[in-house]
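Chemist: can't give you the sequence, but here's the structure:
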Ligand SMILES: O=C[C@H](O)COP(=O)(O)O
């Protein structure tokens, strides 16, 4: 379960949010081996989160929301893979629809970012998904698979084995309109099939495919029940540590 904070929570709020999240999960005896919990704070929070996670030996992991395709140099405002690795990041979100839309990120740029992330030992959370017009035309599978294939050009099978792919239909992001479990399964299953074609079906079986878009504690269990949904990329609901902990512990409300 990954919480993408987007441009929310400063570094002091980040510390209290991560502390509270870890306390709630600890009280609930959360099994991190069963459900990994990650947060993706803004760049400015990462050093504080690193210090807290290392100092208190927390089991949750963290990452960034973007990465530069460049190694270093005159790229004002950008943050490199080496910098993120030094901050102890496990993950980096790449190709989020908000970056594709507001920053004009192309498939080529996203592919370059995926490759540079792997070069620095970071695990990309590659975000893909269709807008409402594509969904209305019924082209969500072909559109999303084209994004996956473009992002993975020249990425070797051993790296594809480690990638995380988040299917986020744009019309479901921050709108409260969650995709049905069947909608999520249709595209997540297709993503796994295409990964099998790109490398090997056994490798594809082990890739974590997440769903994102208005996930909350009240709907996560039905989505997670789908065979090709392995986790969730959570936006708004991840800003509340108690709600995010409930999402991470979705299995306990299924059995409760
Ligand atoms: O990265 C997360 C997604 O954009 C989902 O955001 P949301 O949970 O606020 O809809």
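Modeler: All right, it came through fine. As the structure is a computational prediction, the values presented were derived from the model and not from experiment.
Chemist: make it CA atoms for all contacts and neighbour counts henceforth
Modeler: Fine.
Chemist: quick one: which helix or strand includes residue 62?
Modeler: Following DSSP states H and E, the helix or strand that holds residue 62 is strand 61-64.
Chemist: Could you see whether the ligand lies near that strand?
Modeler: No. Using CA under 6 Å from any ligand atom, strand 61-64 never reaches the ligand; the gap is at least 11.6 Å.
Chemist: Not counting that strand itself, show me its contacts.
Modeler: 36-43, 46, 49, 53, 84, 88-93 (CA atoms under 8 Å, 6 or more residues apart in numbering).
Chemist: now with 7 Å?
Modeler: Strand 61-64 has contacts (CA atoms under 7 Å, 6 or more residues apart in numbering) with 37, 38, 39, 40, 41, 42, 43, 89, 90, 91, 92, 93.
Chemist: residues near the fifth one, how many?
Modeler: Residue crowding around residue 41 was assessed by other CA atoms under 10 Å; the count is 24.
Chemist: With adjacent residues omitted, what lies nearest to it?
Modeler: Nearest residue to residue 41, sequence neighbours excluded (CA to CA, 6 or more residues apart in numbering): residue 5, at 5.3 Å.
Chemist: secondary structure element for residue 125?
Modeler: strand 123-128.
Chemist: and for the helix or strand that the strand holding residue 62 is followed by, what are the contacting residues?
Modeler: Past strand 61-64, further along toward the C-terminus, the next helix or strand under DSSP H and E is helix 81-86. Helix 81-86 is contacted from outside by 67, 68, 71, 116, 117, 120, 122, using CA under 7 Å, 6+ apart.
Chemist: Can you say which of the residues you listed are buried?
Modeler: 67, 68, 116, 117, 120, 122 (16 or more other CA atoms under 10 Å).
Chemist: ok, which pair from these is furthest apart?
Modeler: Pairwise distances across the buried ones among the contacts of helix 81-86 peak at 12.6 Å for 68 and 122 (criterion: CA to CA).
Chemist: what is in contact with these two at once?
Modeler: Common neighbours of residue 68 and residue 122 (CA under 7 Å, 6+ apart) do not exist.
Chemist: follow-up on the earlier one: against which helices or strands is the strand holding residue 125 packed?
Modeler: strand 91-94, helix 107-119, helix 140-151, strand 164-167 (3 or more CA pairs under 7 Å, 6 or more residues apart in numbering; DSSP states H and E).
Chemist: how many neighbours does the spatially closest residue to residue 246 that is not a sequence neighbour have?
Modeler: Leaving aside its sequence neighbours, residue 246 sits nearest to residue 217 (CA to CA, 6+ apart; 5.7 Å). A total of 17 residues lie near residue 217 under the criterion other CA under 10 Å.
Chemist: just checking, residue 3 touches residue 41?
Modeler: No. In this structure, residue 3 is not within contact of residue 41 by CA atoms under 7 Å, at 8.2 Å.
Chemist: that older thread, need the helices and strands packed on strand 123-128 in JSON lines (columns: mean pLDDT).
Modeler: Shown next, in JSON lines, are the helices and strands packed on strand 123-128 (pLDDT from 0 to 100):
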{"stretch": "strand 91-94", "mean pLDDT": "98"}
{"stretch": "helix 107-119", "mean pLDDT": "98"}
{"stretch": "helix 140-151", "mean pLDDT": "98"}
{"stretch": "strand 164-167", "mean pLDDT": "98"}
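Chemist: Compare those and give me the one nearest residue 250.
Modeler: That would be strand 164-167 among those, by CA to CA, at 18.3 Å.
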